[in-house]
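Student: take this sequence and fold it.
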Amino acid sequence: MARDYTPKHAKVGAVGPVALRCKACTARFEATHPAATAVCPGCGEAWRIRWFTPDSGMIIAPLDWTDYQARARSRATGGSGQ
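Tutor: Predicted coordinates for the structure are as follows:
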């Protein structure tokens, strides 16, 4: 089993919100640890979030691939994507 090298101060309590960049519209929005999902207020896309530490997270995938692909196709053809 791998050893956990996360500093103890990073594990204690939740820190403030972390800024993430939406992969659909490139707008920045905030999410707070330990939320597993977050919604971009700019385009309304829901994302799954992976947390490395309470102050370091990353978007890993859209919540619904089918919906995401439909919106992406709509945006590519000149639609609003919503």
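
Student: so what's the residue count around residue 47?
Tutor: With neighbours defined by other C-beta atoms under 10 Å, the count for residue 47 comes to 22. From N, CA and C alone the C-beta is placed, and that goes for glycine too.

Student: tell me how far the nearest residue to it once chain neighbours are set aside lies from residue 52.
Tutor: Spatially, and ignoring its direct neighbours in sequence, residue 47 is nearest to residue 59 (4.6 Å; C-beta to C-beta, 6 or more residues apart in numbering). Computed as C-beta to C-beta, to the nearest Å, the residue 59 to residue 52 distance reads 13 Å.

Student: okay, those two: which has more neighbours?
Tutor: Set residue 59 next to residue 52 and count neighbours by other C-beta under 10 Å: residue 59 wins out with 20 against 11.

Student: excluding its backbone neighbours, what's nearest residue 40?
Tutor: Nearest non-adjacent residue to residue 40, counting by C-beta to C-beta, 6+ apart: residue 22, 4.0 Å away.

Student: cool, thanks, signing off.
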